[in-house]
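Novice: Next come a sequence and a model predicted from it.
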Amino acid sequence: MTERQSWGSKLGLILATAGNAVGLGNILRFPSKAALYGGGAFMVPYFISLFLMGLPLMIIEWVIGRYAGRYGHGSMTGILGLFFNHASWARILGSIGVAIPLLICMYYIYIESWTLGFAFLSIFGEIPTPVVTSNANEAIKPYLNFFREYTNPSATAYFFLLLTIAINWFILQKGVKKGIEITAKIGMPAIILFGFILGLICLSAGNWKGFEGLKFIYNLNFSRISDPVVWIEASGQIFFTLSLGMGAIAVYASYTSPREDVIKAGMWTAGINEFVEIVIGASIAIPAAFAMFSALAIPELAKEGTFRLGFITMPAIFMSFPLGEYISFIWFLLLFFAALTSSLALIQPLIALFEDEMKWEHSKAVNISIILITLGAHLSAFVPNFIDELDFWAGCFLLLIFGLIEIFVFIWIFGINNFYNELTKNTNLKLPKFFVYIMGILSPLFIVFIIYYWVIKDFENIFFIDEPNKLIARVFIILFILFLSVIAVKSKKIIMRDIRYLKLMKNLDR
Ligand code: TRP
């Protein structure tokens, strides 16, 4: 058996996991959702979800990832298997956990490629020039048309998609330490630097009118506290932004040393992510939009789709500033770095599945993973609405379900005492056991509550299929999970053979 991969340094590990969590979610998805669901009214469920669900699950994934890494498993297929003596059903259940990040990656990487494409178009002056008008719809029209043409998809879009996939492939080939870790060491400081520059520019725009935008987000209020849709969106955002509910944090944690302090690492990951979300992410898109347009236009601007705000509204605003091309360039470069460190993390669970469960060599595991992603990315590029459908099912619904499964297995099946012992190993922060009960009881209740209200209230809208493309997306999701399930069951033989072999060796030693 070959040695499993591992991180090079503590700093590298923290930056890599922060890079995993910090992504388009922080800088695009967060302001779009906040704008759509009422700013301060959205933030109340947001913070409650962060504390009741986000932080506990972050710690749980760290604990479990480190634990499973010791036994040579990093993917959810192997991790869930580990808890049930590699029973087929457990490995199949784990496949859902591997499918989620991959499904997300299939559209995420396409959006990532837009950021790279738009960065180049900005710096080469190919972005439309602004029209002088105070009417938001008029102002964004040229940019809307430009975006629609680009994502039609144009040949340029296709070129940058292939380039983005190639960049991801190149980094992943180099492995965890020499690829992902080094990228994060360059990417994370760049993200924070660019974020600061843009935040300052946007807040100060229009004689500091940008602050109105920040006030809109932080004017915490309870006006939509009883609206289940706001709850599901806020808690979905917490899962999405922290990369939770799919084993993506656990797979990174599985490459740490057994002596790593997981509580600290988890807190660093969540802390850096929240900083980049509610400080930097909150200071760019919405303040800029407030500085340029009236407050009434804000939800309207976010409507064009979760991620699209960044490609239509933002260039429209930046291009009207002095040196607009450069600001726009920095904006798209920021998005690209954020997206890149995340897309690597979205693919790693599949690589871990191939390496740990199928015992494939690293380069074969990476190549096959990239081929699958390329396939899915084509669907995102060529099937209309595929992106939004995937974002809803994989990026919101399944995350909640799988998060629930994680808590149930890792705390209740593993056992409160075992979990507590793992949690408090190698840490000088002695959390009382009481916290494990909060994690094991309060967090799942909270998730069940949200799913329950949401499904009851919105059942028909959710499951109703009003256009064929939605059906394509759903069938694809199911087929993909089935495919991973087949791998999960097939690889079981390999794992069981290894376990028997290890037992035999132990007996011979005696
Ligand atoms: N957290 C990422 C973001 O904010 C998106 C994401 C969701 C992700 N799940 C993930 C990234 C899993 C890596 C791995 O953009």
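Specialist: Everything's here; your move.
Novice: what about residue 199, how many residues close to it?
Specialist: Around residue 199 sit 20 other residues, with neighbours defined as other CB atoms under 10 Å. Yep, even glycine has a C-beta here, placed from its N, CA and C like the rest.
Novice: let's have the chain start at 29 instead
Specialist: Noted, 29 is the first residue going forward, which turns the last one into residue 227.
Novice: near the ligand, which residues of the stretch 179-328 of the chain show up?
Specialist: Within the stretch 179-328 of the chain, the positions adjacent to the ligand are 268-269, 271, 274, 276 by CB under 6 Å from any ligand atom.
Novice: how near is whichever residue of the stretch 379-528 of the chain sits closest to the ligand to residue 415?
Specialist: Of all residues in the stretch 379-528 of the chain, residue 423 sits closest to the ligand, at 7.0 Å by CB to the nearest ligand atom. Residue 423 sits at a distance of 10 Å from residue 415 (criterion: CB to CB, to the nearest Å).
Novice: likewise residue 350?
Specialist: 34 Å.
Novice: Between these two, which is the more surrounded one?
Specialist: Taking other CB under 10 Å, residue 350 and residue 415 do not tie; residue 415 has more neighbours (24 against 6).
Novice: How about the contacts made by the residue of the stretch 79-228 of the chain at minimum distance from the ligand?
Specialist: The ligand sits closest to residue 129 of the stretch 79-228 of the chain, with a gap of 4.6 Å, by CB to the nearest ligand atom. The contact partners of residue 129, by CB atoms under 8 Å, 6 or more residues apart in numbering, come to 271, 274-276, 373-375, 377-378.
Novice: hmm, 6 Å instead?
Specialist: 274, 276, 374, 377 (CB atoms under 6 Å, 6 or more residues apart in numbering).
Novice: can I get the CA coordinates of the one helix or strand in the chain whose mean pLDDT sits lowest in PDB?
Specialist: Scoring the helices and strands of the chain by mean pLDDT, DSSP states H and E places helix 325-330 at the bottom, with a mean of 72. C-alpha atoms of helix 325-330 as PDB (Å, rounded to 0.1, in the frame of the first residue of the first chain):
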ATOM      1  CA  ALA A 325     -33.200  48.500  -7.500                       C
ATOM      2  CA  ILE A 326     -31.100  46.100  -5.400                       C
ATOM      3  CA  PRO A 327     -33.400  43.000  -5.200                       C
ATOM      4  CA  GLU A 328     -34.100  43.500  -8.800                       C
ATOM      5  CA  LEU A 329     -30.500  43.500  -9.700                       C
ATOM      6  CA  ALA A 330     -29.900  40.200  -7.800                       C
END
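Novice: Would you indicate which residues of it are buried?
Specialist: 325-326, 328-330 (16 or more other CB atoms under 10 Å).
Novice: And the longest helix seen in the chain, how far out from the chain middle?
Specialist: Assignment by DSSP state H gives helix 496-537 as the longest helix of the chain. Chain-centre distance of helix 496-537: 24 Å, with CA atoms, centre = their mean, to the nearest Å.
Novice: Any regions of the stretch 29-178 of the chain where pLDDT drops low?
Specialist: 29-30 (pLDDT under 70).
Novice: hmm, try it at 90
Specialist: Along the stretch 29-178 of the chain, segments meeting pLDDT under 90 span 29-31, 64, 159-168.
Novice: What residues does it have near the ligand?
Specialist: Counting by CB under 6 Å from any ligand atom, the residues of the stretch 29-178 of the chain lying close to the ligand are 48-49, 51-54, 129, 132.
Novice: ok, of the residues you listed, which one's closest to residue 500?
Specialist: Of all these, residue 132 has the smallest distance to residue 500: 17.3 Å, by CB to CB.
Novice: who's in contact with the closest one?
Specialist: Residue 132 makes contact with 374, 422-423, according to CB under 6 Å, 6+ apart.
Novice: again, only this time at 10 Å
Specialist: Each residue near residue 132 by CB atoms under 10 Å, 6 or more residues apart in numbering is listed here: 53, 268, 271, 274, 276, 370-371, 374, 404, 418-419, 421-423, 426-427.
Novice: Buried ones from those, can you make that a PyMOL selection?
Specialist: Remark: buried members of the contacts of residue 132, expressed as a PyMOL selection using 16+ other CB under 10 Å:
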select buried, resi 53+268+271+274+276+370+371+374+404+418+419+421+422+423+426+427
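Novice: Surely residue 297 and residue 277 touch.
Specialist: Yes: between residue 297 and residue 277 a contact is recorded at 7.0 Å, counting by CB atoms under 10 Å.
Novice: Can you check which residues contact both of the two?
Specialist: By CB under 10 Å, 6+ apart, the residues touching both residue 297 and residue 277 are 45, 48-49, 86-87, 89-90, 270-271.
Novice: Identify the farthest-apart pair in those residues.
Specialist: The distance between the two most remote of the shared contacts of residue 297 and residue 277 (CB to CB) is 15.4 Å, for 48 and 87.
Novice: name the element the nearest residue to residue 62 once chain neighbours are set aside belongs to?
Specialist: Closest residue in space to residue 62, ignoring its immediate chain neighbours: residue 70 at 5.0 Å, by CB to CB, 6 or more residues apart in numbering. Element membership of residue 70 [criterion: DSSP states H and E] is helix 68-77.
Novice: what helix or strand does residue 35 sit in?
Specialist: Assigned by DSSP H and E, residue 35 belongs to no helix or strand.
Novice: ok, how many other residues are close to it?
Specialist: Quick note: residue 35 (other CB under 10 Å) scores 22 neighbours.
Novice: now swap in the one 3 residues further on and tell me
Specialist: A total of 15 residues lie near residue 38 under the criterion other CB under 10 Å.
Novice: residues touching it, list them.
Specialist: 284-285, 288-289, 292-293, 296.
Novice: Tell me which residues of stretch 259-270 come out buried.
Specialist: For stretch 259-270, by 16+ other CB under 10 Å, it's 259-270.
Novice: Same question for stretch 114-132.
Specialist: Using 16+ other CB under 10 Å as the test for burial, stretch 114-132 gives 114, 118-132.
Novice: for those, which one is nearest residue 458?
Specialist: Nearest to residue 458 among the buried residues of stretch 114-132, with distances taken as CB to CB, is residue 125, at 30.3 Å.
Novice: Quick check, that closest one in contact with residue 272.
Specialist: No: at 11.0 Å, residue 125 does not count as touching residue 272 under the criterion of CB under 10 Å.
Novice: Can you pull the residues that touch both of the two?
Specialist: Common neighbours of residue 125 and residue 272, using CB under 10 Å, 6+ apart, are 278, 427, 430-431, 434.
Novice: would you list those residues in TSV and tack on pLDDT and secondary structure?
Specialist: Listed next are those as TSV, based on pLDDT from 0 to 100; DSSP: H, G, I helix; E, B strand; the rest coil:
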residue	pLDDT	secondary structure
278	97	helix
427	88	helix
430	94	helix
431	92	helix
434	94	helix
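Novice: And residue 324, what's its pLDDT?
Specialist: Residue 324 is assigned 72 on the pLDDT scale.
Novice: tell me the phi and psi of it?
Specialist: The phi/psi pair for residue 324 (degrees, to the nearest 10) reads phi -60, psi -30.
Novice: my read: it touches residue 164, true?
Specialist: Yes: counting by CB under 10 Å, residue 164 is a contact partner of residue 324 at 8.6 Å.
Novice: higher neighbour count, those two?
Specialist: Legend: neighbour count by other CB under 10 Å for residue 324 and residue 164, higher for residue 164 (19 against 8).
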